[in-house]
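Colleague: My questions are about this predicted structure, shown below with the sequence.
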Amino acid sequence: MIDTRRRHIRSRFQSQYFLLACIATSMIETGKLLSASPVTATDEKSKEETRMFKSLRGALLAICYSSTILSASATVGLILLGRQLQSEEQ
């Protein structure tokens, strides 16, 4: 009974080790291929995309900040309206 468990554990470990060895080998080969290829210089199109991304990011930040300010002013207005209605009831 113990021998069969040991054999089962050993075979499972060996299969997992083999799988990890295959993954490691493929990662090493991929890394060698990627490091062998030349790095391309950035062109004008990528610079324009970067500029556009920064401008979109700025626009989204402006929208978020204006939304926050609008929400805060609405909250203050509702609180003041609630106080005014409460004082009229008394």
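Modeller: In hand now; what should we look at?
Colleague: quick one: average confidence on the helix or strand where residue 83 lies?
Modeller: Assigned by DSSP states H and E, residue 83 belongs to helix 44-89. Here helix 44-89 scores 85 as its mean pLDDT.
Colleague: mind checking how far that helix is from the chain centre?
Modeller: Distance of helix 44-89 from the chain centroid (CA atoms, centre = their mean, to the nearest Å) equals 24 Å.
Colleague: Offset the numbering so it begins at 676, please.
Modeller: OK, 676 is where the count begins now, so the last one is helix 719-764.
Colleague: For it, name the packing helices and strands.
Modeller: Helices and strands touching helix 719-764, by 3 or more CB pairs under 8 Å, 6 or more residues apart in numbering; DSSP states H and E: there are none. Using the backbone N, CA and C atoms, a C-beta is placed for each residue, glycine as well.
Colleague: Report the separation between the most centrally placed residue in the chain and residue 740.
Modeller: In the chain, the residue lying closest to the centroid (CA atoms, centre = their mean) is residue 732, at 15.7 Å. Distance, residue 732 to residue 740, using CB to CB, to the nearest Å: 13 Å.
Colleague: same thing with residue 696?
Modeller: Noted for residue 696: a distance of 53 Å to residue 740, by CB to CB.
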